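> missing the sequence, but the structure's below:
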């Protein structure tokens, strides 16, 4: 059993984390990605949703390390 499966056993839980690793987001098939940007005064959400949405996909490629490579790996493995 994988560590997160053991944690979620019998629990209706969520895992929330911040990362710059595109593979965790893209190949982990994240249901909700929230891309943020900030200046010295405030932060704001500039894209949110599933990885299939164009704005979210663009944010992943723009922001996360090796985002293009992660989507290429996903296409090669799963055909989408």
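Alright, I've got the coordinates. These numbers were taken from a predicted model, which means no experiment stands behind them.

> low-confidence stretches in the protein?
By pLDDT under 70, the weakly predicted segments of the chain are 1-11.

> quick check, central residue of it?
residue 25 (2.9 Å; C-alpha atoms, centre = their mean).

> where do the helices of the chain begin and end?
Secondary structure of the chain (DSSP state H): helices at 3-8, 22-26, 54-63, 67-78.

> which of the ones you listed sits closest to residue 34?
Between residue 34 and those, the tightest spacing by C-beta to C-beta is seen for helix 54-63, at 8.9 Å. All C-beta atoms are positioned from the backbone trio N, CA, C, and that covers glycine.

> would you mind pulling the contact partners of that closest one?
Applying C-beta atoms under 8 Å, 6 or more residues apart in numbering, the external contacts of helix 54-63 come out as 20, 22, 25-26, 33, 35, 46-51, 67-68, 70-71.

> narrow those residues to those that are buried.
22, 25, 26, 33, 35, 47, 49, 51, 67, 70, 71 (16 or more other C-beta atoms under 10 Å).

> out of those, which comes closest to residue 15?
The shortest distance between residue 15 and any of these, using C-beta to C-beta, involves residue 25 and amounts to 11.9 Å.

> my guess is that closest one meets residue 66, correct?
No: at 11.1 Å, residue 25 does not count as touching residue 66 under the criterion of C-beta atoms under 8 Å.

> now do residue 52 against residue 12, distance only.
The span separating residue 52 from residue 12 equals 24 Å under the rule C-beta to C-beta, to the nearest Å.

> who has more neighbours, those two?
With other C-beta atoms under 10 Å as the criterion, residue 52 and residue 12 differ in neighbour count, and residue 52 comes out ahead with 9 against 5.
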